[in-house]
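Chemist: sequence and predicted structure below; questions after.
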Amino acid sequence: LQSEAIATLDAASDAEAFEAARVKYVGQKKGALKDIQKQMGSVAADDRKSAGMRLNEVKQAIEKAVAEAQSRISGGGESGADPTFDPTLPGVRPTIGHVHPITQTITHLTEIMGRMGFEAAEGPEVEDPHHNFVALNIPEDHPARDPLDNFYLATAATGAEKRNVEGTRLLRSQTSTVQIRVMANRKPPIRVISLGRVYRPDDPDATHFPMFHQMEGLLVDTNVTMANLKTVLRVFATNYLGGDVEIRFRPSFFPFTEPSVEVDFLWDGNWIEFGGAGMVDPNVFRAVGYDPEEVSGFAFGLGVERLCMRRHGIKDIRDLYSGDMRFLSQF
Ligand code: PHE
């Protein structure tokens, strides 16, 4: 029986022949093996053990042949053997992720500023007081250094009264830190932007979030004026927001610029504040070893979320960081 069954199974060349052979030898009801099994009861008790063993051998050999014939006929591969696989059904489309709207904005802003000759620079998010304050002409008693307005890290040196000592670290509260890092390492002329995260302990609402992004710009050369600053910002805003955007400077104060202004863009009939700017303060030039008699420059810092929200009509900054796919997949 064994050799007959194996030969028949090996010879089966299509599904029909295979199925017939399968039923004939290993079918649950009338299969040849079942028949023999039924007859085991009539074998003499002494022979039953050896007869059973022999039956098992035959059974295993035939089952092996069945399995081989089956995989050969159904195309060999394991997937081909899956009876639930229907190649005619439409496929399931894999979900494709995409770049976060803020990352898209950063890429876009970098591109626009790149066309005006500004190259991108980076600085660390964990900063020391020198880069975040001291070199930016922010004195020790300045309220901007208050622990209530900054995320000081719990290093050994940290504490309200120890916040100025060596070893103090904080999450940078502004990207102006990168101005210092760039100027300390290069000679003018300089034309850089720096886009990145900044941190301030603000309660989240529609326009505030404890982490957000800024685009810092810095241009240092000879004979740089406010008019240059205004032009660069106007060209930038027109490119990013579309249409012709007007710029308004409102007098303001920043320790690291003199004069300082707040920057509003007139867009769609409304004046909207986007950030701060000004001419680099001579004290900042001195802090990085430049001679303020020789060089001049401007700097600006714009809110990236605000730009992105204006361009896309986003009403609540928290939507950007909610991780809600219904919101994010729109961009
Ligand atoms: N760093 C300032 C802020 O965070 C913005 C600024 C940048 C102002 C550069 C002037 C020059 O508010």
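Modeler: Here it is on my side, so go on.
Chemist: end-to-end on stretch 22-31?
Modeler: Using CA to CA, to the nearest Å, one end of stretch 22-31 lies 8 Å from the other.
Chemist: give me the contacts around it.
Modeler: Contacting residues not belonging to stretch 22-31 are listed as 1, 5, 8, 9, 32, 33, 34, 62, 63, 66, 69, 70 [CB atoms under 8 Å, 6 or more residues apart in numbering]. Just so you know, the C-beta spots here come from the backbone N, C-alpha and C atoms, and that holds for glycine as well.
Chemist: return a ChimeraX selection command for the buried portion of these.
Modeler: Filtering those down to the buried ones (16 or more other CB atoms under 10 Å) takes a single ChimeraX command:
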select :5,8,9,32,33,62,66,69,70
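Chemist: quick check, pLDDT for the residue of the stretch 51-200 of the chain found nearest the ligand.
Modeler: Closest to the ligand within the stretch 51-200 of the chain is residue 174: 3.7 Å, counting by CB to the nearest ligand atom. Looking at residue 174, its pLDDT reads 96.
Chemist: got the contact list for it?
Modeler: 132, 198, 214, 216, 301.
Chemist: which non-adjacent residue is nearest the third one?
Modeler: Pointing back at residue 214 there. residue 175 (4.4 Å; CB to CB, 6 or more residues apart in numbering).
Chemist: what does the stretch 151-300 of the chain put close to the ligand?
Modeler: Residues of the stretch 151-300 of the chain found near the ligand (CB under 6 Å from any ligand atom) are 174, 176, 254, 257, 275, 276, 277, 278, 299, 300.
Chemist: hmm, 5 Å instead?
Modeler: 174, 176, 254, 257, 276, 277, 278, 299 (CB under 5 Å from any ligand atom).
Chemist: hmm, the fifth one is touching residue 298, no?
Modeler: So the one you mean is residue 276. No: with contact defined as CB atoms under 8 Å, residue 276 and residue 298 do not form a contacting pair (11.4 Å).
Chemist: related to what we said a few turns ago, now tabulate the contacts of residue 174 in a markdown table and tack on distance to residue 236 and pLDDT.
Modeler: Listed next are the contacts of residue 174 as a markdown table, based on distance: CB to CB, whole Å; pLDDT from 0 to 100:
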| residue | distance to residue 236 | pLDDT |
| --- | --- | --- |
| 132 | 25 | 94 |
| 198 | 19 | 97 |
| 214 | 14 | 97 |
| 216 | 13 | 97 |
| 301 | 13 | 97 |
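Chemist: which of those fall in helices?
Modeler: residue 132 (DSSP state H).
Chemist: which of the contacts of residue 174 sits closest to residue 120?
Modeler: The closest of the contacts of residue 174 to residue 120 turns out to be residue 216 (CB to CB; 10.4 Å).
Chemist: the closest one: how many residues sit nearby?
Modeler: 24 (other CB atoms under 10 Å).
Chemist: for the remainder of this discussion, apply numbering that starts at 812.
Modeler: Yes, from this point I'll number from 812; that puts the last item at residue 1027.
Chemist: for it, what are its contacts?
Modeler: Per CB under 8 Å, 6+ apart, neighbours of residue 1027: 985, 986, 987, 989, 990, 1004, 1005, 1006, 1110, 1111, 1112.
Chemist: before we move on, what about residue 921?
Modeler: 931, 1004, 1006.
Chemist: residue 941 too?
Modeler: For residue 941, counting by CB under 8 Å, 6+ apart, the contacting residues are residue 991.
Chemist: in which helix or strand would I find it?
Modeler: Using DSSP states H and E, residue 941 sits in helix 940-943.
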